Structures are given as structure tokens and as C-alpha cells.
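> Below is the sequence, then the predicted model.
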Amino acid sequence: MPLPASIIVGGGEMISPITWLWNIRHRKLIKETEAMIRLYLFLRHDCGLKEADKLSAKELRGLFLF
């Protein structure tokens with residue numbers, strides 16, 4: 001099934017399906033990044049875990065329960 005030529009969003013604005021999909025994907029990435037930052041700050045400052053400085057984004061992401 002082909003994608004529609006445009007999608008009507010929120011205030012009646014029409015956008016392309018590609019733009020709509022891109023927005024959804026990046027919204028998810030932004031939420032994921034914010035969650036990783038919160039986890040890092042919790043580990044580093046609240047738990048006093050200095051090793052948190054050495055964790056990569058991939059390792060922090062692996063600590064999530066979702």
C-alpha cells in the first residue's frame with residue numbers, strides 16, 4: 001500500500017509522510033537520550049558512582065529495563 005501524498009497534523013498543517021515518520025523517530029531518540037542523561041546523573045551524583053563517567057552511551061542504554 002503506497003503512502004498518502006500528505007498527512008494532516010495538529011493545527012490542520014499538511015506534511016509529507018516521510019517528515020511525519022522522521023518526527024516520530026527523532027522524538028523517540030530525544031526521549032531515550034534524556035533518559036540516559038537522567039540515569040547517568042543518578043548514578044554519578046545520587047549514588048556517588050564515579051565509574052559512571054567511564055560508561056558509554058551503549059552501556060548506559062543497556063542498563064535500562066525496557
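Yep, that arrived.
> Please count neighbours and contacts with C-alpha atoms only from this point.
Fine.
> Could you tell me how many residues sit around residue 37?
When neighbours are defined as other CA atoms under 10 Å, residue 37 has 14 of them.
> If you could redo that for residue 64, that was the one I meant.
Count around residue 64 with other CA under 10 Å applied: 11.
> Equivalent analysis for residue 44, please.
Using other CA under 10 Å: residue 44 sits among 15 other residues.
> One more: the one 10 residues further on?
When neighbours are defined as other CA under 10 Å, residue 54 has 8 of them.
> cool, residue 40 as well?
19.
> State the phi and psi torsions of residue 15.
phi -130, psi 160 (degrees, to the nearest 10).
> a strand runs through residue 64, doesn't it?
No: counting by DSSP: H, G, I helix; E, B strand; the rest coil, residue 64 falls outside a strand, being coil.
> Could you pull out the helices in the protein for me?
Ranges of helices in the chain, per DSSP state H, are 17-41, 57-62.
> Need the mean per-residue confidence for the first one.
Read it as helix 17-41. On average, the pLDDT along helix 17-41 is 85.
> which parts of it are buried?
For helix 17-41, the neighbour count (16 or more other CA atoms under 10 Å) marks 36, 39-41 as buried.
> hmm, back to that, out of the helices of the chain, which comes closest to residue 50?
helix 17-41 (10.2 Å; CA to CA).
> which secondary structure elements does that closest one contact?
helix 57-62 (3 or more CA pairs under 8 Å, 6 or more residues apart in numbering; DSSP states H and E).
> quick one: average pLDDT of the helix it packs on?
For helix 57-62, the mean pLDDT works out to 85.
> For it, list every residue counted as buried.
residue 61.
> Dump it to CSV, restricted to CA.
C-alpha atoms of helix 57-62 as CSV (Å, rounded to 0.1, in the frame of the first residue of the first chain):
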residue,chain,number,x,y,z
ALA,A,57,26.1,5.6,25.8
LYS,A,58,25.7,1.9,24.7
GLU,A,59,26.4,0.7,28.2
LEU,A,60,24.0,3.2,29.8
ARG,A,61,21.3,2.1,27.3
GLY,A,62,21.9,-1.5,28.3
